[in-house]
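*Asks:* Sequence plus the predicted model coming up.
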Amino acid sequence: MTVLVLIRRWFFRALILLIEPLAGVSAHALELEHHKDRLFAYPKTIEASDGGARRVIDYREMRDINGRDAVPERRAHGQYVDTGVRAAQRDLALRGRAGIVRHFAVGRTEGARVIVIYLHGKGGNRRQGVDDFTFGGNFNRIKNLAVKSGGLYLSPDFSDFSQKGAGEIAALIEHYAKASPAARIVVACGSMGGAVCWALADGKASSRHLAGLMLLGSMWHERFLKSPGFAARIPVFFGHGSRDTVFPVERQEAFFRKIRAAAPGYPVRFVRFETGTHGTPIRMTDWRETINWMLSSR
């Protein structure tokens, strides 16, 4: 064996030793850290279809509200909440061409690895998305998940559910995308906030920043099938209660199937909470499972 061969072997072994740790960091960067996973895991799956893309979850009010909350729908039991994350929370105002966008920011406002934005529904405001004790502590969980993962969680105010509001959120996304250019950005929309989610997918500038859309007890949007977001195959998650009287679950499931038919293999999931109502998906959606799936899909 020549000296040249020995040198080559040494070089490639050294290269592998250098690459393997970096590969591990890259994979880790695309996954949220753990936080109270067992407490927030979905209850039993009643039915799974569409290759696992659609699931029906066994939701029960007595267990999932009364058993989880010290004061039903107002204050979760302490084991579901870790308020230490408040140290990383700030109430900020972004000033720009879209006007003033007040928002709570939890985590790294620069150099974040992932950014999650929650958009409230009608009658809500930026405080809803940072309330530690309502919705069974689920907002507290996403705050902790973001901070533990070197990320940023945002809960903003916006003027309306049409073009002005969408413009404000697009400006917010643009600002934080510049501050964290490597971050993957997921936008979650509750109820009427879905109108803003779909508007972001419609925009060429805003859609290029998106790594996923979460529709929580929200609406369908036929134009999405012709949007830049759809062309870019942005992952979409639907969480819906079977007894939602605001947006009928049948209409949302039909739209889920329309997406699958229009683009086979499209990254879309539907979780139906059986007997759940309009606010159930905000309480019950597993943030970590959903966002990790989105991050792994692109």
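*Replies:* Received, thanks.
*Asks:* contacts, neighbours, all on C-alpha from now
*Replies:* OK.
*Asks:* quick one: the helices in the stretch 101-250 of the chain?
*Replies:* Counting by DSSP state H, counting those that start in this stretch, the stretch 101-250 of the chain has helices at residues 138-148, 163-179, 194-202, 204-207, 228-231, 249-262.
*Asks:* after the last one comes which helix or strand?
*Replies:* Stepping forward along the backbone from helix 249-262, the first helix or strand reached (DSSP states H and E) is strand 268-274.
*Asks:* what sits up against that following strand?
*Replies:* For strand 268-274, the external contacting residues (C-alpha atoms under 8 Å, 6 or more residues apart in numbering) are 53-59, 235-243, 253, 256, 259-260, 280-281.
*Asks:* what's the distance between the helix or strand hosting R283 and the middle of its chain?
*Replies:* R283 belongs to helix 280-284 when elements are defined using DSSP H and E. In terms of C-alpha atoms, centre = their mean, to the nearest Å, the centre of helix 280-284 is set 13 Å apart from its chain centre.
*Asks:* What of stretch 284-294?
*Replies:* With C-alpha atoms, centre = their mean, you get 7 Å for stretch 284-294.
*Asks:* what's the answer for stretch 36-45, then?
*Replies:* On C-alpha atoms, centre = their mean, the centre of stretch 36-45 falls 17 Å from that of its chain.
*Asks:* Stretch 283-298 too?
*Replies:* 6 Å.
*Asks:* and what of stretch 93-106?
*Replies:* In this view, stretch 93-106 has its centroid 20 Å away from the chain centroid, taken as C-alpha atoms, centre = their mean.
*Asks:* average model confidence for it?
*Replies:* Average pLDDT, stretch 93-106: 97.
*Asks:* what's near enough to touch the nearest residue to A105 once chain neighbours are set aside?
*Replies:* In space, and not counting its chain neighbours, A105 is closest to L154: 4.7 Å by C-alpha to C-alpha, 6 or more residues apart in numbering. Listed by C-alpha under 8 Å, 6+ apart, the contact set of L154 reads H103, F104, A105, V106, I115, V116, I117, Y118.
*Asks:* swap in D58?
*Replies:* P43, K44, T45, I46, F273, E274.
*Asks:* Just the buried ones from those?
*Replies:* F273, E274 (16 or more other C-alpha atoms under 10 Å).
*Asks:* okay if I get the contacts of D58 as a markdown table plus distance to G212?
*Replies:* A markdown table is the format used below for the contacts of D58 (distance: C-alpha to C-alpha, whole Å):
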| residue | distance to G212 |
| --- | --- |
| P43 | 24 |
| K44 | 25 |
| T45 | 24 |
| I46 | 26 |
| F273 | 21 |
| E274 | 24 |
